[in-house]
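Q: what's the 3D shape of this:
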Amino acid sequence: MKQMHPLYIALDFSDGERAIHFLEVNKLQGVPVKVGMELFYKEGPLIVQQLRKRGHPVFLDVKVHDIPNTAEGAVRSLASLDIDVLTVHAQGGKEMMHRAKQAAGEVRVLAVTHLTSMTEEVLKEELGVHDAMEEIIPRLAVQAEESGVDGVVCSVHEVSSIKAETGKDFLTLTPGIRLEGEPSHDQKRTATPERARENGADVIVVGRAITQAKDPRSVYDYIKKELERNEPG
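A: Predicted structure coming up:
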């Protein structure tokens, strides 16, 4: 099974040239990175190949969500890119998640519960879902665990309840990470790296706090040290 790293930098750039330039200029050679939908849809598999040639472990976050047969085929194709981990949507259902996991081989599969931009107001007023967020997300996590995937993507605020409902080896990856005093932008359920680790998150993804910093390498090193200092147990 592929290794997962405790910290991934989200390469939320519009094209591969900008992403590679950012990593090289800031001496971030070989650090684990996340490639999201914007960058992957622009550059395709080439950006993953370029990053792997430069020694970067890659988390591919394209949130596969389709009928089980299509999702299975998509995951099989993506897993051939020598990535560490990829995402599917938990709301695709247990069969979809199970078949995605079967198709992934050694690549880890994480199921997205709810996006960190999601609020209960949106769930109720726009989607007609009246269960509370703290009920929905652990339920999706349990279904994900039952489907056989390796873990879930969730906000820091749901990590404790998910850990209580699932096995100790079930991974939690948390985006929406901000440094103390930093604006949350379009994400609603955010937290600091320290809070993430204290709550039991296994992996965090950090984007703008690093990519928009004056000294990205220093911020990356600071967050990595904080994670090590707050290592559970």
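Q: What are the boundaries of the strands in the protein?
A: Remark: strands assigned in the chain by DSSP state E are 7-10, 33-36, 58-64, 85-89, 108-112, 151-153, 171-174, 203-206.
Q: Show me how far the fourth one is from its chain's centre.
A: The offset between the C-alpha centroid of strand 85-89 and the centroid of the whole chain comes to 8 Å, using C-alpha atoms, centre = their mean, to the nearest Å.
Q: Give me every residue in contact with it, excluding its own residues.
A: 2, 4, 59-65, 71, 75, 78-79, 96-97, 100, 104, 107-112, 149-150, 153, 173 (C-beta atoms under 8 Å, 6 or more residues apart in numbering). C-beta coordinates here come from the backbone N, C-alpha and C atoms, glycine included.
Q: same thing with the longest one?
A: Under the contact criterion C-beta under 8 Å, 6+ apart, strand 58-64 has outside partners 4, 8, 32-37, 40, 48, 51-52, 71, 74-75, 78, 81-89, 92, 100, 112, 205.
Q: For PyMOL, write the selection for the buried entries among the contacts of strand 85-89.
A: In PyMOL, this line selects whichever of those come out buried by 16 or more other C-beta atoms under 10 Å:
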select buried, resi 4+59+60+61+62+63+64+65+71+75+78+79+96+97+100+104+107+108+109+110+111+112+149+150+153+173
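Q: mind putting the strands of the chain in TSV, mean pLDDT included?
A: Shown next, in TSV, are the strands of the chain (pLDDT from 0 to 100):
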stretch	mean pLDDT
strand 7-10	98
strand 33-36	98
strand 58-64	98
strand 85-89	98
strand 108-112	98
strand 151-153	97
strand 171-174	96
strand 203-206	95
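Q: Can you check which of the ones you listed gets nearest to residue 27?
A: strand 7-10 (12.7 Å; C-beta to C-beta).
Q: coming back round to it: buried ones among the contacts of strand 58-64?
A: By 16+ other C-beta under 10 Å, the contacts of strand 58-64 give 4, 8, 32-36, 40, 48, 51, 71, 74-75, 78, 81, 83-89, 92, 100, 112, 205 as buried.
Q: By mean pLDDT, point me to the weakest helix or strand of the protein.
A: Using mean pLDDT, DSSP states H and E, helix 120-125 stands out as the lowest-scoring helix or strand of the chain, at a mean of 84.
Q: rewinding a little: so which of the strands of the chain is nearest residue 20?
A: strand 33-36 (10.4 Å).
Q: Point out the other helices and strands that the closest one packs with.
A: strand 7-10, helix 45-53, strand 58-64 (3 or more C-beta pairs under 8 Å, 6 or more residues apart in numbering; DSSP states H and E).
Q: The first one pairs with which strands?
A: Strands adjacent to strand 7-10 in the sheet, as given by DSSP bridges, are strand 33-36 (parallel), strand 203-206 (parallel).
Q: In a markdown table: the ones you listed, plus distance to residue 21.
A: Formatted as a markdown table, the strands paired with strand 7-10 follow (distance: least, C-beta to C-beta, whole Å):
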| stretch | distance to residue 21 |
| --- | --- |
| strand 33-36 | 13 |
| strand 203-206 | 19 |
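Q: closest to residue 122 out of those strands?
A: Of the strands paired with strand 7-10, nearest to residue 122 by C-beta to C-beta is strand 33-36, at 20.7 Å.
Q: neighbours of residue 213, just the number please.
A: 17 (other C-beta atoms under 10 Å).
Q: Go ahead and confirm it touches residue 219.
A: Yes: in this structure, residue 213 is within contact of residue 219 by C-beta atoms under 8 Å, at 4.4 Å.
Q: so where's the chain uncertain?
A: Along the chain, the parts satisfying pLDDT under 70 run over 116, 181-190, 230-233.
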